[in-house]
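# just a sequence and a predicted model for now, questions to come.
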Amino acid sequence: GEIVRMKVLMLILVCSGALALDLSSRTAMQQRHSGTRMSTSAPTKFDLGAYMEEKRLLTEAALDASLTSSCAQTEIIIESMRYSLMAGGKRVRPMLCFAATEMFGGSLDVATPTAVAVEMIHTMSLIHDDLPAMDNDDFRRGKPTNHVLYGDDVAILAGDAMLSSSFEYVAKHTHGIPAERVVKVLSILGESVGPLGLAGGQVMDLKSEGKTDVGLETLTWIHTHKTAALLKAAVCAGAVLAGAADEDIARCETYALKIGLAFQVADDILDVTASTQELGKTAGKDLDADKTTYPKLLGLDQSRLVAQELVDDAKAALAEYGDRAAPLLGLADYIINRRN
């Protein structure tokens, strides 16, 4: 009886194994016919944090090497320029330049002078923006602003010198690509700070303070030029340096303008919701100056929805580039999820 039971048990085990193998084979066959592939490992996820830190370190080293005093007479102005240029920050604009260059197979070495120039222009705008005649702020990135330490006169001149140095740096240090690309980059940078760029947007922003008839159309114009123009310059210049085609540059422009507006919406939200310690600058400044902001016109909840819609549109503009666009897509998300 015991022998018979053992034989029956072995027969059951064999039949069960055969059934399991048959089911597994059928499942695999069905997946092949349906176009479904069995995954042997989880897909690799883009590590935005690691990417941003890598590019931040690259940017910091390049910025540090970009400004040195060549004689005793320039020590004060170079010190003032370096104070603001090396004061930390997110370095998002250089990252955008690098990411766009990489998306089109360009060289980081070639793009580095332009990444430096974009951050110089941004720093100039911060120095001037903090002046008593403009936003009149005593803190930036958790430190005293430039004019607090060096006086209004030196701060103004440091900003002026920073702007001119940005163009000089691109022209002197960009090598290994056709001169036409360098000229185009200089043109892009110039436009980003002119009447249809940062300066024009800032004037409209200042002249709109305290007015009750500023609508969404005017607010969008202000920040398309005051904020988004330099982000557009960073992305499009990076693409140009890599030799991207005109239609590719146009897609980059759409992406950058969308994230530029999203950046400003996020800034407006943070000005209301974050503390001075979190921001590294005085919180509530827009409210005190009676500026028109997205939360003022739309409310906080609707402003958050608008920011997300802008980011979604930005991502859609780069859909055809697949994984190559991962850094730019990640930076778009970061822009509206940051805390300062």
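Now that the structure is in, tell me what you want to look at.

# point out where this structure drops to low pLDDT.
Regions of the chain meeting the criterion pLDDT under 70 cover residues 1-44, 278-279, 281, 283-284, 287-289.

# quick check, central residue of it?
Among the residues of the chain, the one closest to the centroid is residue 92, at 4.0 Å (Cα atoms, centre = their mean).

# quick check: it touching residue 335?
Yes: in this structure residue 92 lies within contact range of residue 335 using Cβ atoms under 8 Å: 7.1 Å. (Each C-beta comes from the backbone N, C-alpha and C, glycine too.)

# ok, back up a step: who's in contact with the residue nearest to the centre of the chain?
231, 331, 334-335 (Cβ atoms under 8 Å, 6 or more residues apart in numbering).

# tell me which helix or strand comes right after the host helix or strand of residue 188.
Secondary-structure assignment from DSSP states H and E places residue 188 in helix 179-193. Read in the C-terminal direction, the helix or strand following helix 179-193 is helix 198-207, with elements assigned using DSSP H and E.

# sorry, back to before: in the helix holding residue 188, what's buried?
The neighbour-count criterion (16 or more other Cβ atoms under 10 Å) identifies 181-182, 184-186, 188-189, 191-193 as the buried residues of helix 179-193.

# farthest pair within those?
Between any two of those, the greatest separation by Cβ to Cβ is 19.8 Å, found for 181 and 193.

# among the contacts of residue 92, who's most crowded?
Each of the contacts of residue 92 was scored by neighbour count (other Cβ atoms under 10 Å); the top score is that of residue 231, with 28 neighbours.

# the closest residue to that one other than its chain neighbours: neighbouring residues, count only.
Distance criterion Cβ to Cβ, 6 or more residues apart in numbering; nearest residue to residue 231, sequence neighbours excluded, is residue 260 at 4.2 Å. The local packing count at residue 260 equals 27, with neighbours defined by other Cβ under 10 Å.

# surely residue 260 is in a helix?
Yes: going by DSSP: H, G, I helix; E, B strand; the rest coil, the assignment for residue 260 places it inside a helix.

# report the contact partners of it.
223-224, 227-232.

# does anything pack onto the helix holding residue 188? Which helices or strands?
Under the contact criterion of 3 or more Cβ pairs under 8 Å, 6 or more residues apart in numbering; DSSP states H and E, helix 179-193 touches helix 108-129, helix 146-173, helix 228-241.

# ok, and which of those has the densest surroundings?
Neighbour counts averaged per stretch over the helices and strands packed on helix 179-193 are highest for helix 228-241, at a mean of 29; criterion: mean count of other Cβ atoms under 10 Å.

# angle of that helix against helix 108-129?
160 degrees (axes from the mean of the first three to the mean of the last three Cα atoms, to 10 degrees).

# tell me the angle of helix 228-241 relative to helix 146-173?
What separates the directions of helix 228-241 and helix 146-173 is an angle of 20 degrees, with the same axes, to 10 degrees.

# give me the three-state assignment for residue 176.
Applying three-state DSSP to residue 176 yields a three-state assignment of coil.

# how close does it sit to residue 150?
Computed as Cβ to Cβ, to the nearest Å, the residue 176 to residue 150 distance reads 37 Å.

# try residue 208
Where residue 150 is concerned, residue 208 sits at a distance of 30 Å (Cβ to Cβ).

# before we move on, the earlier item: export the helices and strands packed on helix 179-193 to JSON lines and append columns for distance to residue 215.
Conversion of the helices and strands packed on helix 179-193 to JSON lines gives the following (distance: least, Cβ to Cβ, whole Å):
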{"stretch": "helix 108-129", "distance to residue 215": "24"}
{"stretch": "helix 146-173", "distance to residue 215": "31"}
{"stretch": "helix 228-241", "distance to residue 215": "18"}
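
# to residue 88, which of the ones you listed lies closest?
Closest of the helices and strands packed on helix 179-193 to residue 88 is helix 108-129, at 11.1 Å (criterion: Cβ to Cβ).
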